[in-house]
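A.B. asks: what follows is a predicted protein model with its sequence.
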Amino acid sequence: MRNIRFKRGANVGVVVAQWGRAADASTAIVQGKFGKRSVILALCAFAAGLLAIIIMVAMPGDASQPVQNLATGFFMAVFLLAGPLANLTGFVFGIMALARSNDSRSLGVLGIILNGFSVAVGVGILAAMASTIGAFT
């Protein structure tokens with residue numbers, strides 16, 4: 001084992017080792033990930049909705065009742081639960097990215113726009129559907 005000697009008065013920084021890598025602790029700044037998560041949630045919600053629509057459209061008309069029930073249940077779960085929950089969470093992550101100094105503000109704004117637009121479209125479709133309830137009676 002070698003002896004490591006430092007000169008007197010030498011400025012020795014604190015070294016933090018993590019998984020075999022060393023970095024000066026005074027320059028280590030943790031980059032926030034809320035903006036990135038916001039955009040990822042918006043894209044995942046969009047992809048899940050697109051998948052649900054493709055499954056409903058591609059399902060043959062003579063499919064068995066259990067298959068139709070499963071496809072309809074997946075469609076409803078995505079559009080009534082998972083999609084809105086992911087978009088609202090992504091919207092909040094976007095706002096948190098704007099408030100944090102070490103996070104990407106551009107990704108936060110993009111996440112707010114994508115998630116807010118998706119929620120606004122969903123509310124608009126829901127309002128249009130609600131306005132036609134009495135038309136079929």
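C.D. replies: Nice, thanks for sending it over.
A.B. asks: count of neighbours near residue 76?
C.D. replies: When neighbours are defined as other CB atoms under 10 Å, residue 76 has 11 of them. C-beta: built from backbone N, CA, C; applies to glycine.
A.B. asks: what do you get for residue 84?
C.D. replies: 17.
A.B. asks: distance of it relative to residue 77?
C.D. replies: Remark: distance between residue 84 and residue 77 (CB to CB, to the nearest Å) = 11 Å.
A.B. asks: equivalent analysis for residue 59, please.
C.D. replies: 16 Å.
A.B. asks: so where's the protein uncertain?
C.D. replies: Applying pLDDT under 70 to the chain picks out residues 1-30, 137.
A.B. asks: excluding its backbone neighbours, what's nearest the residue nearest the centre of the chain?
C.D. replies: Compute the mean C-alpha point of the chain, and by CA atoms, centre = their mean the closest residue is residue 41, 1.8 Å away. Excluding the flanking residues, the one nearest residue 41 by CB to CB, 6 or more residues apart in numbering is residue 90, at 3.4 Å.
A.B. asks: residue contacts, the one you found?
C.D. replies: By CB atoms under 8 Å, 6 or more residues apart in numbering, the contact set of residue 90 is 37, 38, 39, 40, 41, 42, 45, 111, 114, 115.
A.B. asks: in TSV: those, plus secondary structure.
C.D. replies: Conversion of those to TSV gives the following (DSSP: H, G, I helix; E, B strand; the rest coil):
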residue	secondary structure
37	helix
38	helix
39	helix
40	helix
41	helix
42	helix
45	helix
111	helix
114	helix
115	helix
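A.B. asks: just the buried ones from those?
C.D. replies: 37, 38, 39, 40, 41, 42, 45, 111, 114, 115 (16 or more other CB atoms under 10 Å).
A.B. asks: how about the strands in the protein?
C.D. replies: 15-18, 21-24 (DSSP state E).
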